[in-house]
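Chemist: following is a predicted model, sequence given first.
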Amino acid sequence: MTAATQAMRVANVQQRTPDWHVWRRQGVSASMAPVLTGRSKQRSPWDYNTPWGLWAAAIGLLPEPDLSGNPNIQRGIKLEPQARETVEWELKNPDSSMFSDGLLLEPGEHDLLPVCGESVEEPFMRASLDGLVGDIPFELKCPSQNVWDDVVLNRERSETVKMYWAQLQHQLFVTGGLQGVLCFYRDAMQYRLFVFDRDDSFIQNELLPAARDLWKNIQDCTEPDKDPDLDVWHPEGEDLFRWAEVSNRYKVRRQRVKELEQELKALKSSMKDDEQALEELMGSWAAAEADGLRVRRGYRRGSVDWKGVVEELHPDGVEEELQERHRRPGSPQVTVTVQGDKTSSAAAGPAAPQVSGQDANEEPEESFDFEWFF
């Protein structure tokens, strides 16, 4: 960690307003850092998950996705004020883990001011900060249950923490600070605070070169190379004609499959009713048989909560190397998603953030680093 030499220029814009969106499009924002440096945990192809996708969205080649109905985004907006109040309370507590982790602040009254800023040294480098105390940025995250469990179990080794670490380093370049704080917040009793030092090697050797390349390509309207493993291929010419032919046939068959699945679902439900009727006829008997049907009652033991076992044996998390030694072999998968449909064939991961039909009580896995749109 070396001394920072720059100061941040504060932008007179309010977050999540039309002026803010305009301001963000005039530079490279901190939430793009995980994608630019290959630290986005979403490793499945998606138009917006690569430098090419960032470039295409920035010049208007790709429309910005409508994520207003995304439960993860909604949860973050709703809980951010509570998370801010919790961190402000922690900053008054001398026993807070932030100070034991070496935070360069004295305990006391500190307001986390949401502010937008740009680097004096590189004005295209921009950051919308959830909170700022002096030159120390505070990034607040309100994760889904699955992500929260991963953060609690693996701490700094969590892929989510690594991803947002890159965002925090971008913010530190903008503010000129030596430290930043990453907060994961579920509620007033469940939150984790991480203090990270500025990493000038990462900033100078990875982040800035990638950000400069992206900004130059945006300004020059020069298309960057696509990554075959992460970018999305769009057929043209004869390939497009053939694709449309197969696509139309597939969608007709898919619709028929959905109709049959609904019929099967109804039949299975009816069978459940029949099974319940048979069980009622049995009374207290453990087994019954007649007319070609045998019914037997039994008891199935509950499964072992191996995740709980691991957490009890390793409260500080499990080393990544140990996890990898016990990982089962993977297998190739293919997912086909019909645009506008709420289902997909095969389960190889989502191809786009389709959340409009999500159950209101369901927390989706945070599989995309969409925050750079907000």
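Modeler: Yep, that arrived. Numbers count the residues shown, from 1 in each chain.

Chemist: for the stretch 251-374 of the chain, what are the low-confidence residue spans?
Modeler: Along the stretch 251-374 of the chain, segments meeting pLDDT under 70 span 342-374.

Chemist: can you list the domains in the protein?
Modeler: As recorded under the TED database, the domains making up the chain are 8-220, 236-278.

Chemist: winner for burial among these?
Modeler: Among these, the stretch with the highest mean neighbour count (mean count of other CB atoms under 10 Å) is domain 8-220, at a mean of 18. Every residue, glycine included, has its C-beta placed from N, CA and C.

Chemist: for that domain, give the mean pLDDT please.
Modeler: Mean per-residue pLDDT for domain 8-220: 93.

Chemist: so that it lines up with my notes, have the first residue be 30 from now on.
Modeler: In the new numbering, first residue 30, that becomes domain 37-249.

Chemist: what about Glu318, which SS state?
Modeler: Recorded secondary structure, Glu318: strand (DSSP: H, G, I helix; E, B strand; the rest coil).

Chemist: still on that earlier bit, let's have the domains of the chain in TSV, adding distance to Arg329.
Modeler: Putting the domains of the chain into TSV (distance: least, CB to CB, whole Å) gives the following:
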stretch	distance to Arg329
domain 37-249	25
domain 265-307	16
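
Chemist: of the ones you listed, which is nearest Lys336?
Modeler: Closest approach to Lys336 among these is made by domain 37-249 (7.5 Å; CB to CB).

Chemist: now do the same end-to-end measure for that closest one.
Modeler: In domain 37-249, first residue to last residue: 26 Å (CA to CA, to the nearest Å).

Chemist: ok now that domain, how far from the chain's centre?
Modeler: The chain centre lies 12 Å from the centre of domain 37-249; the measure is CA atoms, centre = their mean, to the nearest Å.

Chemist: before we move on, which element is Met192 in?
Modeler: helix 188-204 (DSSP states H and E).

Chemist: and for Gly137?
Modeler: Applying DSSP H and E, one finds Gly137 in no helix or strand.

Chemist: before we move on, what about Val39?
Modeler: strand 37-40.

Chemist: adjacent strands (with direction) for that strand?
Modeler: Looking at strand 37-40 with DSSP bridges, its partner strands are strand 144-148 (antiparallel).

Chemist: so what touches stretch 174-190?
Modeler: For stretch 174-190, contacts defined as CB atoms under 8 Å, 6 or more residues apart in numbering pick out 70, 170, 172, 191, 211, 213, 215, 219, 221, 223, 336, 339-340, 345-349, 392, 394-395.

Chemist: which ones are touching the closest residue to Arg113 other than its chain neighbours?
Modeler: Leaving aside its chain neighbours, Arg113 sits nearest to Leu141 (4.9 Å; criterion: CB to CB, 6 or more residues apart in numbering). Counting by CB under 8 Å, 6+ apart, Leu141 touches 113, 116-117, 159-162, 167.

Chemist: ditto for Leu237
Modeler: Contacts of Leu237 (CB under 8 Å, 6+ apart): 151, 154, 202.

Chemist: what of Leu134?
Modeler: Contact partners of Leu134, counting by CB under 8 Å, 6+ apart, are 120, 127-128, 162-163, 165.

Chemist: quick one: which two of these are the most distant?
Modeler: Every pair of these checked by CB to CB; the farthest is Phe128 and Gly163, at 15.0 Å.

Chemist: tally of neighbours for Leu351?
Modeler: 9 (other CB atoms under 10 Å).

Chemist: distance of Cys145 relative to Gln284?
Modeler: Cys145 is 47 Å from Gln284, where distance means CB to CB, to the nearest Å.

Chemist: what do you get for Val51?
Modeler: Distance, Val51 to Gln284, by CB to CB: 42 Å.

Chemist: repeat that for Gln200.
Modeler: Distance check for Gln200 against Gln284: by CB to CB, it reads 48 Å.

Chemist: can you check Arg155 too?
Modeler: Arg155 sits 46 Å away from Gln284, going by CB to CB.
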